[in-house]
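S.K.: With the sequence up front, the predicted model follows.
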Amino acid sequence: MIVQSASTKTKKTDISFSVGRADMDKAVKIINEIKDQLAFDVVDAAPNVAKISVVGTAMRTQPGVAKTMFETLAAKGVNLHVISTSEIKISVLIDAEYTELAVRSLHTAFGLDSDQ
């Protein structure tokens with residue numbers, strides 16, 4: 001997951017990306033080693049987040065998937081730190097403490113826990 005955002009006001013760009021928790025310290029170290037080449041201000045590492053994704057090729061033709069995902073998580077009080085989308089996937093970074101709640105709630109919202 002890689003997300004870039006720019007501010008016209010400050011003329012700065014933020015780049016957020018996710019790596020596995022086991023690789024976080026190594027990634028931060030490597031990025032800081034090339035700080036002069038990248039010309040950035042600070043690295044902000046957040047070890048207590050989780051990435052939750054909704055995936056499916058039908059997302060191309062079924063409107064409302066993002067709406068359902070965002071409304072479901074908002075109703076449970078889950079804050080979205082980063083959002084990334086593609087044609088077949090929506091991913092969000094949330095506080096890790098809400099992982100089980102988020103997954104169970106989305107499972108229910110998309111009808112995946114009903115008997116079929």
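M.R.: That came through fine. Residues are numbered from 1 along each chain as shown.

S.K.: With Phe40 as the reference, measure out to Val28.
M.R.: Val28 sits 12 Å away from Phe40, going by CB to CB, to the nearest Å. Backbone N, C-alpha and C define where each C-beta goes, glycine included.

S.K.: And for Pro47?
M.R.: The value you get for Pro47 to Phe40, if CB to CB is used, is 20 Å.

S.K.: Repeat that for Asn32.
M.R.: Note on Asn32: its distance to Phe40, by CB to CB, is 9 Å.

S.K.: between those two, which one's more packed in?
M.R.: Between Asn32 and Phe40, Phe40 has the larger neighbour count (other CB atoms under 10 Å), namely 15 against 12.

S.K.: Assumed the more buried one was part of a strand.
M.R.: No - assignment of Phe40 by DSSP: H, G, I helix; E, B strand; the rest coil gives coil, placing it outside any strand.

S.K.: List the contacts of the residue lying closest to it once chain neighbours are set aside.
M.R.: Spatial nearest neighbour of Phe40, chain neighbours left out: Ile31 (8.0 Å); criterion: CB to CB, 6 or more residues apart in numbering. Counting by CB atoms under 8 Å, 6 or more residues apart in numbering, Ile31 makes contact with 38, 40, 43.

S.K.: Take those residues and lay them out in JSON lines including distance to Val82 and pLDDT.
M.R.: Below are the contacts of Ile31 laid out as JSON lines (distance: CB to CB, whole Å; pLDDT from 0 to 100):
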{"residue": "Leu38", "distance to Val82": "20", "pLDDT": "87"}
{"residue": "Phe40", "distance to Val82": "17", "pLDDT": "87"}
{"residue": "Val43", "distance to Val82": "15", "pLDDT": "92"}
